[in-house]
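[1] Sequence and predicted model, in that order:
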Amino acid sequence: MLLLAPALLAVFFPAGDTQDAFQGPISFYVIQISSFVNNTWVKYQGSGWLGDLQIHGWDGDSGTAIFLKPWSKGNFSNEEVSEVVELFRVYVFAFIREMTAHVNTLQLEYPFEVQGIGGCELHSGGVMVSFLRGALGGLDFVSFKNSSCVPAPEGGSRAQKVCTLLSRYQDIFYIVEKLLYETCPRYLLGVLEAGKADLQRQVKPEAWLSSNPGHGSGRLQLVCHVSGFHPKPVWVMWMRGEQEQPETQRGDVLPNADETWYLQVTLDVAAEEAAGLSCRVKHSSLGGQDIVLHWGRSISSGWIILAIIVSCLIFSLCFALWFFRRLSYEDIL
């Protein structure tokens, strides 16, 4: 199946859909965060991600995986899923036990936190790259390369001690190697196939403009809001005619509750220079028809609806007056 990765990738995401659905290579990875409060209290958090989309959680009480999407199991059978979940359950228990047992050896002081990330990444051409890294308190600590533990320079002597300690457990290295280089690539290709419809979903963005006081007297901060779009990649820029404004400030692309995205792009200008500016939005769902909003010309949908309602009321009132006058005239006759 791995040898067929380039062909499968073309089938799953034809005509550039891969680039639209994901920024850069496509990866599946598991994140673990273990907070050691004291020698009897450890908080463990685990999650599985396809790119920036979370598709798995971890129930710490029952020690089992939570599948957040109907296709989160990929093409794995229930038996295969159970085996992998059981392997993670054993790993979590063993990891917490060993870390607690070697707190003094590693010269650690409570409370401390260990983070880990491991998975595989599919690059263009079907090249698959696996990775596993660990951090202590947010700093790189160790990594797994070529079936061996590699201490990070930031980890110092403690990282070296961890790698020395792990070298005694060759069975662990065998399991890690199997998960990284066999299980993960097969799962990644399977979940891309199973979730194809969801991953290729196209939702058009909505855009509107607003303003805030700028930095300094007589200045405006123009804000272009873009929301409700999927997939995540989007291009938004303040323009003057066809000229991009290099001072445009792009915020973070944030998730909405319905798994679409939101972005805010700002431009700080002198108030008298705001006329003639526009916000341009490019997104794969628009089919090449960019959204262009001109500053000073845009009218919110709320005002449009209000204007229609008022016009209808005025028309109804005029009609009612005409009708009653006609009735009164006929009565007189």
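    Yep, it's here. Computed from a predicted model, the values in this text were never measured in an experiment.
[2] V142 against E154, yeah?
    No. Using Cβ atoms under 8 Å, V142 is not in contact with E154; the gap is 10.2 Å. Just so you know, the C-beta spots here come from the backbone N, C-alpha and C atoms, and that holds for glycine as well.
[3] for the stretch 51-200 of the chain, which spans come out with low pLDDT?
    Of all residues in the stretch 51-200 of the chain, none has pLDDT under 70.
[4] Okay, strands next: where are they in it?
    Using DSSP state E, counting those that start in this stretch, the strands of the stretch 51-200 of the chain run over residues 53-59, 64-67, 112-122, 128-136, 139-145, 148-151.
[5] Okay, now the sheet partners of the first one, with direction.
    Listed by DSSP bridges, the sheet partners of strand 53-59 and their directions read strand 41-50 (antiparallel), strand 64-67 (antiparallel).
[6] which one of the ones you listed lies closest to L222?
    Within those, the stretch nearest L222 is strand 41-50; the backing value is 34.5 Å (Cβ to Cβ).
[7] what does that closest one rub up against?
    26-37, 54-58, 60, 65, 72, 88, 92, 96, 100, 119, 188, 191-192, 195, 199 (Cβ atoms under 8 Å, 6 or more residues apart in numbering).
[8] I only care about the residues you listed that end up buried; give me the PyMOL line for that.
    Those of these that count as buried under 16 or more other Cβ atoms under 10 Å are selected in PyMOL with:
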select buried, resi 26+27+28+29+30+31+32+34+36+54+55+56+57+58+65+72+88+92+119+188+191+192+195+199
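[9] higher neighbour count, V142 and E154?
    More neighbours surround V142 than the other of V142 and E154, with 22 against 12 (other Cβ atoms under 10 Å).
[10] residues in contact with that one?
    With Cβ under 8 Å, 6+ apart, V142 has these contacts: R133, G134, C149, V150, P151, A152, G155, A159, V162, C163.
[11] Neighbour count and distance to G296 added to those, as CSV?
    Listed next are these as CSV, based on neighbours: other Cβ atoms under 10 Å; distance: Cβ to Cβ, whole Å:
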residue, neighbour count, distance to G296
R133, 17, 50
G134, 20, 54
C149, 21, 61
V150, 13, 58
P151, 19, 59
A152, 18, 54
G155, 21, 56
A159, 23, 58
V162, 22, 61
C163, 18, 62
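[12] Would you reformat these as TSV and include distance to P213?
    Converted to TSV, the contacts of V142 look like this (distance: Cβ to Cβ, whole Å):
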residue	distance to P213
R133	44
G134	46
C149	54
V150	52
P151	51
A152	46
G155	47
A159	49
V162	52
C163	55
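[13] roughly how far apart are the residue nearest to L286 when sequence neighbours are not counted and S284?
    Computed as Cβ to Cβ, 6 or more residues apart in numbering, the closest residue to L286 that is not its neighbour in sequence is K204, at 6.2 Å. Using Cβ to Cβ, to the nearest Å, K204 is found at 10 Å from S284.
[14] between these two, who's got more neighbours?
    Using other Cβ under 10 Å, the more surrounded residue of K204 and S284 is S284, with 20 against 17.
[15] center of the chain, which residue is that?
    Computing the C-alpha centroid of the chain and ranking residues by Cα atoms, centre = their mean puts D52 first, at 3.3 Å.
[16] I'd say G195 and W71 touch.
    Yes. Counting by Cβ under 8 Å, W71 is a contact partner of G195 at 4.1 Å.
[17] So which elements touch the helix or strand where F28 lies?
    If you go by DSSP states H and E, F28 is part of strand 26-38. Contact analysis of strand 26-38 by 3 or more Cβ pairs under 8 Å, 6 or more residues apart in numbering; DSSP states H and E lists strand 41-50, helix 78-101, strand 112-122, helix 184-194 as its packing neighbours.
[18] and the angle for it with helix 184-194?
    For strand 26-38 against helix 184-194, the angle by axes from the mean of the first three to the mean of the last three Cα atoms, to 10 degrees is 120 degrees.
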